[in-house]
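Chemist: structural data only, the sequence is not supplied:
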């Protein structure tokens, strides 16, 4: 399952870039999704804690990627 995820990630990233997505946005989404999904998967699979602070951190990652996207349209 991990190998399939890696293959999909490495296929989707160049595909997004070819479709015209800016590198900063594509990489930001790629990295943020990795952090958020790993945290959630560790909660489900290994019963690791998922605290409010961690949830706020995931929210801040998402907000940061969105701010980069919005900032890119305001030249």
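Modeler: Perfect, I can see it now. Source: prediction; values computed, not measured.

Chemist: and the helices in the chain, which stretches?
Modeler: 2-18, 23-46, 52-72 (DSSP state H).

Chemist: need the residues that contact the longest one.
Modeler: Contacts made with helix 23-46 from outside it, assessed by C-beta atoms under 8 Å, 6 or more residues apart in numbering, are listed as 9, 13, 16-17, 48-50, 54, 58, 61-62, 64-65, 68-69, 72. The way it works is simple: take the backbone N, C-alpha and C, and place the C-beta from them, glycine included.

Chemist: cool, the last one as well?
Modeler: Applying C-beta under 8 Å, 6+ apart, the external contacts of helix 52-72 come out as 22, 24, 25, 28, 29, 32, 35, 36, 39.

Chemist: what's the separation between the fourth one and residue 52?
Modeler: For residue 28, the distance to residue 52 equals 24 Å [C-beta to C-beta, to the nearest Å].

Chemist: report the separation between the residue nearest the centre of the chain and residue 27.
Modeler: Most central in the chain under C-alpha atoms, centre = their mean is residue 33, positioned 2.0 Å from the mean C-alpha point. Here the distance between residue 33 and residue 27 works out to 11 Å (C-beta to C-beta).

Chemist: can you read off the pLDDT for residue 20?
Modeler: pLDDT, residue 20: 90.

Chemist: what stretches of the protein score poorly on pLDDT?
Modeler: Scanning the chain for pLDDT under 70 picks out 74-75.

Chemist: how about stretch 37-49: buried residues?
Modeler: Residues of stretch 37-49 classed as buried by neighbour count (16 or more other C-beta atoms under 10 Å): residue 39.

Chemist: kindly report the same for stretch 50-66.
Modeler: Of all the residues in stretch 50-66, those buried under the rule 16+ other C-beta under 10 Å are 58, 61, 65.

Chemist: from the chain's centre, how far out does stretch 37-57 sit?
Modeler: Between the centre of stretch 37-57 and the centre of its chain there are 14 Å (C-alpha atoms, centre = their mean, to the nearest Å).

Chemist: first residue to last residue on it, what's the distance there?
Modeler: One end of stretch 37-57 to the other measures 13 Å (C-alpha to C-alpha, to the nearest Å).

Chemist: from now on call the first residue 53
Modeler: That works, and once the first residue is 53, the last one we named lands at stretch 89-109.
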